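Asks: Give me a 3D structure for the following:
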Amino acid sequence: MTFCGYTVFRERENFVSRFSFRDEHGAELSDAVGIIFVELTKLGGVLKKPVEIMTGEEIWSVFFAYGSNPKYRNLLEKMISARREIKMATELLQTISRDEIERARFRSRRMFRMDMEHNLIAARDEGKIEGKIEKAIAIAKNMLNDGEPIEKIKKYTSLTREEVESLRNAE
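Replies: Here you go, the predicted model:
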């Protein structure tokens, strides 16, 4: 989903444009994957609707487009009353917008979480790689014990000639 502060599809009136992936014959590949553009510049008609009949998509789009604009404070208050999640988002926005120090803390916490997630994924991947290397070494040792040629061992283990020879010399 991409929220655009500019008009992308001038020929379309609706502020939401959904696209799916299709094969060369036009058959949809998956209904679980797609691209959604939300053009915040096209919310004029939505702003005129009563909050009570706005869809969740419309409410969130109005919030993203006008949530920090004092001109739309009354509308935002109605949205806050109607939807608990909008109230929570507004409180968070006010908290992190309060001052530069709070914004810096928020960015710092977010970066810390992202770094932790990245490190956990990297550690998991590193463990997988180490396991694969250990397995390749064990296979190479067995093949060496069976008298298999180095070229064949390289082919089946993806080890280099030097690595296989060092295993032979270590025995």
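Asks: ok, the nearest residue to residue 14 once chain neighbours are set aside - contacts?
Replies: Spatially, and ignoring its direct neighbours in sequence, residue 14 is nearest to residue 42 (7.3 Å; C-beta to C-beta, 6 or more residues apart in numbering). (Each C-beta comes from the backbone N, C-alpha and C, glycine too.) Applying C-beta atoms under 8 Å, 6 or more residues apart in numbering, we find residue 42 in contact with 7, 13, 14, 15.
Asks: tell me how far the strand or helix carrying residue 163 is from the chain's mean position?
Replies: Using DSSP states H and E, residue 163 maps to helix 161-170. Relative to its chain's centre, helix 161-170 lies at 43 Å (C-alpha atoms, centre = their mean, to the nearest Å).
Asks: and residue 43, what pLDDT?
Replies: What the model reports as pLDDT for residue 43 is 90.
Asks: residues near it, how many?
Replies: By other C-beta atoms under 10 Å, the residues close to residue 43 number 18.
Asks: that older thread, quick check: the residue nearest to residue 14 vs residue 55, distance?
Replies: Separation of residue 42 from residue 55 (C-beta to C-beta, to the nearest Å) stands at 15 Å.
Asks: longest single helix anywhere in this protein?
Replies: helix 100-145 (DSSP state H).
Asks: who wins for neighbours among the contacts of residue 42?
Replies: Counting by other C-beta under 10 Å, top hit in the contacts of residue 42: residue 15 with 23 neighbours.
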